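Peer 1: Any chance you could fold what I've pasted below:
(2 chains)
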Protein chains: 2
Amino acid sequence: MPDRPGLQGPVLIVGAGLLGTSIGLALRRRGISVWLRDVSPENLRAAMGLGAGQLVPDIAPPPQLVVVAVPPDVIGETLRWALGAHRGAVVTDVGSIKTGPLEQLRASGLSGLSRYVGGHPMAGSERSGPLAASAAMFDGRPWAVTPHQDSATEAVDVVLSLVAAVGALPVRMSPDEHDRAVARTSHLPHLLASLVAGRLAEAPPGHLALSGQGVRDVTRVAAGDPELWQQIVTGNAPAVVHLLREVREQLDALIAAVSKSNREELVRILSRGVEGTRAIPGKHGGPAREMASVFVSVPDRAGEMGRLFADVAASGVSIEDIHIDHDPGRPTGLFELVVADDSSEHLLAALESRGWVTHR
Amino acid sequence: MPDRPGLQGPVLIVGAGLLGTSIGLALRRRGISVWLRDVSPENLRAAMGLGAGQLVPDIAPPPQLVVVAVPPDVIGETLRWALGAHRGAVVTDVGSIKTGPLEQLRASGLSGLSRYVGGHPMAGSERSGPLAASAAMFDGRPWAVTPHQDSATEAVDVVLSLVAAVGALPVRMSPDEHDRAVARTSHLPHLLASLVAGRLAEAPPGHLALSGQGVRDVTRVAAGDPELWQQIVTGNAPAVVHLLREVREQLDALIAAVSKSNREELVRILSRGVEGTRAIPGKHGGPAREMASVFVSVPDRAGEMGRLFADVAASGVSIEDIHIDHDPGRPTGLFELVVADDSSEHLLAALESRGWVTHR
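Peer 2: Residues are numbered from 1 along each chain as shown, chains lettered A, B, ... in the order given. From the prediction side, this is the model:
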């Protein structure tokens, strides 16, 4: 049952990849009719096999909503096709960039632009394709909804009802604001992680034996698909270049400060970074909280991890994040449990009383 | 009981902060005599209270080993004092930089340099001070041991026996190689994470609502103490500046590629990053393995996490890493379980058969 009266379906999903198939699965779970299109018969077959929807019937009512879930480079032309081919439907997309496709639509002189409202779920995976899809993919995730100045209120409502139906949380902003926001929170971190990781690829033999958790965290996202990321970054070039130039200025300042041992300037740059880490919103969208880490040595034996988390659960402390330290050559793992600063003492005491070797 | 006949003690630890106190605790667990010195009476009292060692007795045998665990800026002068004041002792340190202090010692014209062997445990915490210390801090962690060309074999053996006694794994390399290695695996990632985080500090209101797990991972280390990192980076300036200049070249190439939509060049830079993430050694020091992620929706209720990990343990699949997605406004958490690629299907099936909502 949809949460809002707005979404009755049928919903036509164009592009049965990771996101399109996941949306289909989430809507089918709600009993909404879903039709699927894809240029790849394999993708279509896989998505239908998973229960994400069916082919468009020969005789069919017009869809209420068309969701465009194709690769970044072809979103603009697919939106244009959708607005022209389905003149009674609201049209949205799930692309990472919102201004470029909108400009393409505007430039095409197409009527019906009031039926288009962009969207962008903050969800995904380092994998791609329908086989990696899941009805749970959007559970509790932010989903940017980006009306433009001519979007009809009713069209915005239909897209908001899609977001609600798949379990995501709408974050409303303009297309331009969206693109500048993701340039900062997603594209810039990805590109800089990639530059750091690139230096690892050139490391002399043996040097990476000193890799700790820090470098693993910093570079993890850089493992993403270069072809997809190339399209995302190229599609958001103005906002990305603006930030990259800011980083270059700061990098020049950093090189000067380190070269000349200008410690004050170095502390200024590093302190700005500390501020930035504190600006990221905390769990449940609230203000960022002071966090603390509790480290626990866990024998690499079946059942020990289960025992640890049963003890953590018994302590009543809510775990915000976990890191497992990769352990070169030892049958123990070091677990880092990230908790609110004011509950770390309690967790430490609770785990120590149950025999765990811990430290802060 | 020490693992090697080489370490009988007493061991004099100079600097009762996070690392010095942790070493004291680990050695006391082995029954080795530990003496502590610190310019701060509060640190000394706290470290002794935790059982990390005692004050140097008035009448005492000479120490076998002096461990210098002071802030980066004062390591050189403290090593010099230790070699002069304890002429029968081997001297080591736990600083992040190895060539600078060695050069200071050489320049001082001091005799006894053969008794000095540098060291650097790859362990620590975003916290500092003796109260954050733990006997388990070095369990299974790499510990760089960096003999210089005049280090005596016996002195190297004593430092190796210290590493073994605290449960760490020695990684032997020259001081120069060490400094170049940590510039790449630690200092560069820290500085670039700090530049990315600095851009977050300047984000317009509302933009950070789109923060996902990626940006959190990339910027996590940037929360570290600016004063400490300023000393570390300044102490390793030549190696750090060398890498920062490489990054600036790549950044210029990146800005040009994005500005001109040079997609081939962009894919080249991003692919180099993918290679880098694969070059980091895997768990247990083996070659990096192909990893896959299994996502599980976990209700935010006491006991659910314990039940999940009991089920994971029952599946027999070894978890390499875990991320918990911060969940803005919902009573479920999304757990990402990172496992070897070839066991992800088995884990998915095992969890689904026990009623968990999963996806890849």
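Peer 1: Longest helix in chain A, please.
Peer 2: Counting residues, the longest helix found in chain A (DSSP state H) is helix A:237-259.
Peer 1: in it, what's buried?
Peer 2: A:237, A:239-241, A:243-244, A:246-248, A:250-251, A:253-255, A:257-258 (16 or more other CB atoms under 10 Å in any protein chain shown). In short, each C-beta sits where N, CA and C put it, glycine included.
Peer 1: Does that helix reach chain B?
Peer 2: Yes. Helix A:237-259 reaches chain B (CB under 8 Å from any CB of the partner chain) through A:237, A:240-241, A:243-248, A:250-252, A:254-255, A:258-259.
Peer 1: so how far is stretch A:163-176 off the chain centroid?
Peer 2: Average the C-alpha atoms of stretch A:163-176, do the same for its chain, and the two points are 13 Å apart (CA atoms, centre = their mean, to the nearest Å).
Peer 1: do stretch A:81-88 as well
Peer 2: In terms of CA atoms, centre = their mean, the centre of stretch A:81-88 is set 29 Å apart from its chain centre.
Peer 1: Surely residue A:251 is in contact with residue B:247?
Peer 2: Yes. At 6.9 Å, residue A:251 counts as touching residue B:247 under the criterion of CB atoms under 8 Å.
Peer 1: for the longest helix of chain A, packing partners?
Peer 2: Using 3 or more CB pairs under 8 Å, 6 or more residues apart in numbering or on different chains; DSSP states H and E, the elements in contact with helix A:237-259 are helix A:188-201, helix A:263-279, helix B:188-201, helix B:237-259.
Peer 1: hmm, try it at 10 Å
Peer 2: Packing partners of helix A:237-259 (3 or more CB pairs under 10 Å, 6 or more residues apart in numbering or on different chains; DSSP states H and E): helix A:99-107, helix A:175-182, helix A:188-201, helix A:226-235, helix A:263-279, helix B:188-201, helix B:226-235, helix B:237-259.
Peer 1: could those helices be laid out in JSON lines, adding distance to residue A:39 and mean pLDDT?
Peer 2: Formatted as JSON lines, the helices and strands packed on helix A:237-259 follow (distance: least, CB to CB, whole Å; pLDDT from 0 to 100):
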{"stretch": "helix A:99-107", "distance to residue A:39": "18", "mean pLDDT": "95"}
{"stretch": "helix A:175-182", "distance to residue A:39": "26", "mean pLDDT": "97"}
{"stretch": "helix A:188-201", "distance to residue A:39": "27", "mean pLDDT": "98"}
{"stretch": "helix A:226-235", "distance to residue A:39": "16", "mean pLDDT": "94"}
{"stretch": "helix A:263-279", "distance to residue A:39": "41", "mean pLDDT": "96"}
{"stretch": "helix B:188-201", "distance to residue A:39": "36", "mean pLDDT": "98"}
{"stretch": "helix B:226-235", "distance to residue A:39": "50", "mean pLDDT": "94"}
{"stretch": "helix B:237-259", "distance to residue A:39": "28", "mean pLDDT": "97"}
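Peer 1: The residue in the stretch 51-200 of chain A positioned nearest to chain B: which element?
Peer 2: Residue nearest to chain B within the stretch 51-200 of chain A (CB to the nearest CB): residue A:134, separated by 2.5 Å. Under the criterion of DSSP states H and E, residue A:134 resides outside all helices and strands.
Peer 1: cool, and the one 4 residues further on?
Peer 2: Assigning secondary structure by DSSP H and E places residue A:138 outside every helix and strand.
Peer 1: so what's it up against?
Peer 2: Contacts for residue A:138 (CB atoms under 10 Å, 6 or more residues apart in numbering or on different chains) come out as A:19, A:22-23, A:26, A:94, A:121-123, A:162-163, A:165-169.
Peer 1: Now do the longest helix of chain A and helix A:99-107, the angle between them.
Peer 2: Per axes from the mean of the first three to the mean of the last three CA atoms, to 10 degrees, the angle that helix A:237-259 makes with helix A:99-107 is 150 degrees.
Peer 1: mind listing the helices for the stretch 1-150 of chain A?
Peer 2: A:18-29, A:41-50, A:75-85, A:99-107 (DSSP state H, counting those that start in this stretch).
Peer 1: Let me know which of these is tucked in deepest.
Peer 2: Most buried of those, by mean neighbour count (mean count of other CB atoms under 10 Å in any protein chain shown): helix A:18-29, with a mean of 26.
Peer 1: Next up, the contacts around residue A:335.
Peer 2: Here residue A:335 is in contact with A:293-298, A:305, A:308-309, A:312, A:322-325, A:356, A:358, B:322 (criterion: CB under 10 Å, 6+ apart).
Peer 1: Name the strands paired with the helix or strand bottoming out on mean pLDDT in chain A and say parallel or antiparallel.
Peer 2: Of all the helices and strands that make up chain A, strand A:321-325 has the lowest average by mean pLDDT, DSSP states H and E, namely a mean of 72. Strand A:321-325 pairs in its sheet with strand A:332-340 (antiparallel), by DSSP bridges.
Peer 1: gap between the strand it pairs with and the chain center?
Peer 2: 24 Å.
Peer 1: Then stretch A:189-208?
Peer 2: Centroid separation for stretch A:189-208 versus its chain: 23 Å, with CA atoms, centre = their mean.
Peer 1: repeat for stretch A:267-280
Peer 2: Relative to the centre of its chain, stretch A:267-280 is centred 23 Å away, using CA atoms, centre = their mean.
Peer 1: first to last residue in stretch A:145-152, what's the distance?
Peer 2: With CA to CA, to the nearest Å as the measure, stretch A:145-152 spans 13 Å from end to end.
Peer 1: ok, now how distant is the residue sitting furthest away from the middle of chain A from chain B?
Peer 2: Farthest-out residue of chain A from its mean C-alpha position, per CA atoms, centre = their mean: residue A:260, at 39.5 Å. Residue A:260 sits 9 Å away from chain B, going by CB to the nearest CB, to the nearest Å.
Peer 1: Just the pLDDT for that residue.
Peer 2: Residue A:260 carries a pLDDT value of 97.
Peer 1: Can you report how many residues lie near residue A:33?
Peer 2: When neighbours are defined as other CB atoms under 10 Å in any protein chain shown, residue A:33 has 18 of them.
Peer 1: Relative to residue B:180, which of the helices and strands packed on helix A:237-259 is closest?
Peer 2: Smallest distance to residue B:180 across the helices and strands packed on helix A:237-259 (CB to CB): 4.8 Å, for helix B:237-259.
Peer 1: thinking again about what came up before, and the helices and strands packed on helix A:237-259: which comes nearest residue B:87?
Peer 2: Closest to residue B:87 of the helices and strands packed on helix A:237-259, according to CB to CB: helix B:226-235, at 27.0 Å.
Peer 1: now the closest one and helix B:75-85, what's the angle there?
Peer 2: Angle of helix B:226-235 versus helix B:75-85, following the same axes, to 10 degrees, is 80 degrees.
Peer 1: Render the CA-only coordinates of helix B:226-235 in CSV, please.
Peer 2: The C-alpha coordinates for helix B:226-235 follow below in CSV (Å, rounded to 0.1, in the frame of the first residue of the first chain):
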residue,chain,number,x,y,z
PRO,B,226,46.6,19.2,14.4
GLU,B,227,49.5,19.9,16.7
LEU,B,228,50.8,16.3,16.7
TRP,B,229,50.4,16.0,12.9
GLN,B,230,52.1,19.3,12.3
GLN,B,231,55.2,17.9,14.1
ILE,B,232,55.0,14.6,12.2
VAL,B,233,54.7,16.2,8.7
THR,B,234,57.3,18.9,9.4
GLY,B,235,59.7,16.2,10.6
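Peer 1: and it, what does it pack onto?
Peer 2: helix A:237-259, helix A:263-279, helix B:75-85, helix B:99-107, helix B:188-201, helix B:237-259.
Peer 1: Can you give the distance from the fourth one to the centre of its chain?
Peer 2: It refers to helix B:99-107. That offset, for helix B:99-107, works out to 23 Å (CA atoms, centre = their mean).
Peer 1: Which secondary structure elements does it sit against?
Peer 2: Where contact means 3+ CB pairs under 10 Å, 6+ apart, helix B:99-107 is packed against helix B:75-85, strand B:90-93, strand B:118-121, helix B:175-182, helix B:226-235, helix B:237-259.
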